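Undergrad: need coordinates for the following:
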Amino acid sequence: MPFAVVVIEAGDHLGGRISQLEGLAPWPLQLGPEFIHGEECNVLKDFIDAQGWEMAEYDWPDRYFFGEGVGERRLVVAEDADENDPDVREVHRLFAELPGVPIDRDVTALEWLRDIVRCSDKVLALAESIYANDFGTSLALMGMQEAVVEQRGWNYGEKYLVLDRSLLRVAEALAKGIDVRLGWKVSEIIRPPNGASGPVTIRRSTGESLVASRCVVVAAPITALKPNNPGSITFTPPLPVVKTKAIDRVKVSNSVKVFLAFDAPFWPEGLFDVVCAGCFLPEMWILKYPTTENVGRNSGARMASDQGVDPSVPARTKEVVTFFAAGNLADELSRMERKTVVERALDQMDEMFGTETDPKPSRSRLTGSYVADWRREELVGGAYTYPTLHAFGSREVVAAPDGESVFFAGEATHPGVNPCMQGAMETGLRAAAQVLSAVRPPKSGL
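TA: Have a look, this model is predicted:
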């Protein structure tokens with residue numbers, strides 16, 4: 001039985017949170033996801049391999065920097081720290097084994113580490129920069145019951161892989177041959193009452209409508225499903241209360257990327273990623289992409305000139321450092337002036353890489369900067385969901401079909417690997433299987 005499939009995208013480009021910045025470097029910078037996490041059992045990697053594209057493998061992290069906030073000021077190779085620093089070994093042990101996590105009640109990661117494990121201040125700082133930031137949140141917000149679920153469900157391996165082109169190309173390849181409508185922000189989904197099968201009407205914010213004769217898969221960010229959020233999708237009739245309560249429990253954190261462009265490197269050769277404990281910003285990395293990946297505004301790319309970056313900057317830029325911060329710190333950065341965020345990021349670069357002969361190398365080599373704040377993205381209102389306090393079991397409820405016509409996908413509906421692209425892809429495969437089961441007649445037992 002043939003099926004007609006239409007994909008509608010609220011934004012002006014494919015891929016949603018896959019988005020890129022142009023005009024700061026000769027290559028595009030990734031505003032959203034940037035890494036393929038894990039080399040095993042990974043549908044994203046399998047799809048990339050099927051395209052014949054190349055990926056580079058990186059160790060994460062390859063350096064630690066211990067700032068003044070933990071009483072030190074030194075850059076350490078990760079392999080040496082993992083072997084010789086007892087605090088580094090301890091934080092990895094704690095999150096690998098998760099000893100002492102209460103199973104009868106939920107606590108934040110901060111409460112677990114500070115009050116139950118009673119770890120040192122340095123271990124707390126490392127946990128904030130390594131684990132909470134990687135989950136896209138803060139220790140004070142991170143729920144340990146969901147964190148345990150994710151840790152136990154992780155079977156993807158530990159390698160960090162970087163595609164040889166923008167992740168936007170993955171979205172384009174996935175969409176090949178499919179009817180995709182861009183700029184189609186949904187305001188209302190009208191479905192049959194009492195979970196019955198039948199046509200579903202999808203109403204656009206500008207008034208037009210599409211009618212799905214049988215099924216709809218909703219893969220919007222969970223912020224668009226929360227009834228009290230501005231611009232969220234209205235469901236008619238309303239979704240069951242049990243589902244709306246589950247949607248409310250799963251939270252989205254903010255994230256901020258700070259891009260600093262330089263005309264020459266002033267850090268150790270081959271440096272890729274640094275976890276920064278006791279510092280203003282918790283993590284930085286350095287990557288390059290092919291210059292041919294610049295594609296212009298017609299693909300939805302953000303332009304650095306939006307923040308006053310001079311058009312001559314890309315020609316002078318040879319290196320770009322990306323700082324990443326999430327959770328409460330990202331909210332704090334959102335409240336700061338952009339100039340202040342950049343100045344403090346440069347101060348951190350000087351603290352990390354300055355020398356006696358050149359104590360402030362970042363200022364003399366800076367060509368431009370850009371601050372990307374995902375809280376300000378109207379269609380998302382944040383970065384991605386994280387292990388949320390008191391949300392244990394909620395994602396399964398969010399993921400459950402609403403009757404025989406409306407199905408749900410997206411990273412927020414995955415109980416195991418919600419922050420990663422393969423998690424979102426797995427939910428799409430799950431929803432497709434549910435749709436096929438709903439529309440195909442049962443096989444005869446004869």
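Undergrad: from now on I want contacts and neighbour counts done on CA atoms only, so please keep to that.
TA: Fine.
Undergrad: His37 contacts Asn155, correct?
TA: No: using C-alpha atoms under 8 Å, His37 makes no contact with Asn155, being 10.7 Å away.
Undergrad: looking at these two, which is more packed in?
TA: A direct count of neighbours by other C-alpha atoms under 10 Å for His37 and Asn155 places His37 higher, at 20 against 15.
Undergrad: please name the nearest non-neighbouring residue to Gln307.
TA: Tyr370 (6.8 Å; C-alpha to C-alpha, 6 or more residues apart in numbering).
Undergrad: ok, the one you found - contacts?
TA: 24, 258-260, 304, 307, 309 (C-alpha atoms under 8 Å, 6 or more residues apart in numbering).
Undergrad: hmm, 7 Å instead?
TA: Contacts for Tyr370 were tallied using C-alpha atoms under 7 Å, 6 or more residues apart in numbering; they are 258-260, 304, 307.
Undergrad: Leu44 now?
TA: 421-422.
Undergrad: now it: which helix or strand?
TA: Element membership for Leu44, per DSSP states H and E: helix 43-51.
Undergrad: by mean pLDDT, point me to the weakest helix or strand of the chain.
TA: One helix or strand of the chain scores below all others by mean pLDDT, DSSP states H and E: strand 302-303, with a mean of 89.
Undergrad: what strands flank that one, and is each parallel or antiparallel?
TA: strand 20-22 (parallel) (DSSP bridges).
Undergrad: sort out which residues of the strand it pairs with are buried, please.
TA: By 16 or more other C-alpha atoms under 10 Å, the buried positions in strand 20-22 come out as 20-22.
Undergrad: do the same with stretch 342-358
TA: In stretch 342-358, counting by 16+ other C-alpha under 10 Å, buried: 342, 345-354.
Undergrad: can you tell me the SS state at Glu83?
TA: helix (DSSP: H, G, I helix; E, B strand; the rest coil).
Undergrad: and the closest residue to it other than its chain neighbours, helix, strand or coil?
TA: Spatial nearest neighbour of Glu83, chain neighbours left out: Arg89 (7.1 Å); criterion: C-alpha to C-alpha, 6+ apart. Recorded secondary structure, Arg89: helix (three-state DSSP).
Undergrad: mind checking how far Arg89 is from Ala127?
TA: Arg89 is 11 Å from Ala127, where distance means C-alpha to C-alpha, to the nearest Å.
Undergrad: try Val217
TA: 37 Å.
Undergrad: the more surrounded of the two?
TA: Legend: neighbour count by other C-alpha under 10 Å for Val217 and Ala127, higher for Ala127 (25 against 18).
Undergrad: so who does the closest residue to Ser394 other than its chain neighbours touch?
TA: Spatially, and ignoring its direct neighbours in sequence, Ser394 is nearest to Ala246 (4.9 Å; C-alpha to C-alpha, 6+ apart). Neighbouring residues of Ala246 by C-alpha under 7 Å, 6+ apart: 394, 397-398.
Undergrad: one step back: in strands only, show me the contacts of Tyr370.
TA: 258-260 (DSSP state E).
Undergrad: CSV for those residues, including neighbour count, pLDDT and distance to Pro227?
TA: Formatted as CSV, the ones in strands among the contacts of Tyr370 follow (neighbours: other C-alpha atoms under 10 Å; pLDDT from 0 to 100; distance: C-alpha to C-alpha, whole Å):
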residue, neighbour count, pLDDT, distance to Pro227
Val258, 23, 98, 31
Phe259, 26, 98, 34
Leu260, 24, 98, 38
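Undergrad: any chance you could map the strands in the stretch 201-350 of the chain?
TA: 209-212, 216-218, 234-236, 255-262, 273-277, 283-286, 302-303, 319-326 (DSSP state E, counting those that start in this stretch).
Undergrad: below-threshold pLDDT in the stretch 201-350 of the chain: ranges please.
TA: 293-300 (pLDDT under 70).
Undergrad: ok, and the closest non-adjacent residue to His37?
TA: Tyr160 (5.2 Å).
Undergrad: please apply the same query to Met421.
TA: Nearest non-adjacent residue to Met421 (C-alpha to C-alpha, 6+ apart): Leu44, at 7.0 Å.
Undergrad: before we move on, what about Val320?
TA: Ala261 (4.4 Å).
Undergrad: for the one you found, give me its contacts.
TA: 24, 317, 319-321, 366-369.
Undergrad: related to what we said a few turns ago, adding distance to Lys226 and pLDDT, write the buried residues of strand 20-22 out as CSV.
TA: Below are these laid out as CSV (distance: C-alpha to C-alpha, whole Å; pLDDT from 0 to 100):
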residue, distance to Lys226, pLDDT
Gln20, 27, 90
Leu21, 29, 93
Glu22, 32, 92
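Undergrad: that older thread, so the residue nearest to His37 makes contact with Ile36?
TA: Yes: between Tyr160 and Ile36 there is a contact under C-alpha atoms under 7 Å: 6.0 Å.
Undergrad: look at the two and report which has more neighbours.
TA: Set side by side, Tyr160 and Ile36 show more neighbours around Ile36, with 21 against 17, by other C-alpha under 10 Å.
Undergrad: how much space is there between that one and Leu44?
TA: 8 Å.
Undergrad: with Lys245 instead?
TA: Taken as C-alpha to C-alpha, the span from Lys245 to Leu44 is 31 Å.
Undergrad: what's in contact with stretch 323-343?
TA: 133, 136-138, 253-259, 281-285, 371, 373.
Undergrad: so how do I select the buried members of those in ChimeraX?
TA: ChimeraX command restricting the contacts of stretch 323-343 to the buried ones, with burial defined by 16+ other C-alpha under 10 Å:
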select :133,136,137,138,253,254,255,256,257,258,259,281,282,283,284,285,371,373
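Undergrad: can I get the CA coordinates of the helix or strand where Gln434 lies in PDB?
TA: Here Gln434, judged by DSSP H and E, is contained in helix 421-439. Extracted C-alpha coordinates of helix 421-439, given in PDB (Å, rounded to 0.1, in the frame of the first residue of the first chain):
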ATOM      1  CA  MET A 421      20.800  13.200  17.400                       C
ATOM      2  CA  GLN A 422      20.700   9.400  17.300                       C
ATOM      3  CA  GLY A 423      18.100   9.500  20.100                       C
ATOM      4  CA  ALA A 424      15.900  11.800  18.000                       C
ATOM      5  CA  MET A 425      16.300   9.500  15.000                       C
ATOM      6  CA  GLU A 426      15.400   6.400  17.000                       C
ATOM      7  CA  THR A 427      12.200   8.100  18.000                       C
ATOM      8  CA  GLY A 428      11.400   8.800  14.400                       C
ATOM      9  CA  LEU A 429      11.900   5.100  13.500                       C
ATOM     10  CA  ARG A 430       9.700   4.200  16.500                       C
ATOM     11  CA  ALA A 431       6.900   6.600  15.300                       C
ATOM     12  CA  ALA A 432       7.100   5.300  11.700                       C
ATOM     13  CA  ALA A 433       6.700   1.700  13.000                       C
ATOM     14  CA  GLN A 434       3.600   2.800  15.000                       C
ATOM     15  CA  VAL A 435       2.100   4.500  12.000                       C
ATOM     16  CA  LEU A 436       2.600   1.500   9.800                       C
ATOM     17  CA  SER A 437       1.000  -0.700  12.500                       C
ATOM     18  CA  ALA A 438      -2.000   1.600  12.700                       C
ATOM     19  CA  VAL A 439      -2.700   1.900   8.900                       C
END
